[in-house]
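Engineer: what follows is a predicted protein model with its sequence.
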Amino acid sequence: MSLLSICQWIQQTPTSTGIRESQWVFPIIEATHLLSLAVSVGTIVFVDLRLIGAAMRRQPVSDVIGQLQPWALRGFALMFLSGGLLFWSEPLRCYHSVFFQAKFVVLALLGINALMFHSGVYRSVAAWDKAPDIPLRAKFAGYVSLTLWTSVILLGRGIAYFSH
């Protein structure tokens, strides 16, 4: 079974049709997706700004991450669920959208960046937690994250406005 045939099957399910054709359900899911994106990415941006030294320089990195990570994870979980429902409502549109495909590549890169940061440089955070000069690898992870999340947002808008 090909990915296209799976998308065709999903497109024809009552759930997909119901979401897509509802006057209220699709807009509520989309609003939930955007608000959860704001929570998740908004908190991640604060962490990234701390990592690159552009904000909260007097706050230990571990405190910033410790306080904001639960919000980022909750927002991401809700964003993932609502995004799945948005996909379920229009799988063929997503399948044919270069913006959708690129968004998933960028999301994978974000996952790799976060994994490398948390399993690498962040393991030694005690040594540089309060230092005015953050290690270059931590700064790099922050810049990469900011760039990739900006790309995810722009690609998401591309899905909404340029994929037909």
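Structural biologist: Cool, the structure landed.
Engineer: which stretches in the chain count as strands?
Structural biologist: Taking DSSP state E as the criterion, the chain carries no strands.
Engineer: biggest helix in it by residues?
Structural biologist: Ranked by residue count, the top helix of the chain under DSSP state H comes out as helix 61-89.
Engineer: show me what that helix packs onto, helices and strands only.
Structural biologist: helix 14-21, helix 25-51, helix 125-128 (3 or more CB pairs under 8 Å, 6 or more residues apart in numbering; DSSP states H and E). C-beta here means a position set from N, CA and C on the backbone, and glycine is covered the same way.
Engineer: deepest-packed of those helices, please.
Structural biologist: helix 25-51 (a mean of 18; mean count of other CB atoms under 10 Å).
Engineer: may I see the buried residues of the longest helix of the chain?
Structural biologist: 61, 64-65, 68, 72, 75-76, 78-79, 82-83, 85-89 (16 or more other CB atoms under 10 Å).
Engineer: and for stretch 150-162?
Structural biologist: Ser151, Val152, Ile153, Leu155, Gly156, Gly158, Ile159.
Engineer: any idea how far Asn113 is from the nearest residue to the first one once chain neighbours are set aside?
Structural biologist: Here the nearest residue to Ser151 in space, its sequence neighbours aside, is Val106; by CB to CB, 6 or more residues apart in numbering that works out to 4.9 Å. The span separating Val106 from Asn113 equals 10 Å under the rule CB to CB, to the nearest Å.
Engineer: convert stretch 75-89 to CSV, retaining C-alpha atoms only.
Structural biologist: Output in CSV follows, covering the C-alpha atoms of stretch 75-89 (Å, rounded to 0.1, in the frame of the first residue of the first chain):
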residue,chain,number,x,y,z
GLY,A,75,2.5,22.9,23.9
PHE,A,76,4.3,20.6,21.5
ALA,A,77,2.1,17.6,22.4
LEU,A,78,-1.0,19.6,21.8
MET,A,79,0.4,21.1,18.6
PHE,A,80,1.3,17.6,17.4
LEU,A,81,-2.2,16.3,18.1
SER,A,82,-4.0,19.2,16.5
GLY,A,83,-1.6,19.1,13.6
GLY,A,84,-2.5,15.4,13.2
LEU,A,85,-6.2,16.3,13.0
LEU,A,86,-5.4,19.0,10.5
PHE,A,87,-3.6,16.4,8.4
TRP,A,88,-6.4,13.9,8.8
SER,A,89,-8.9,16.5,7.4
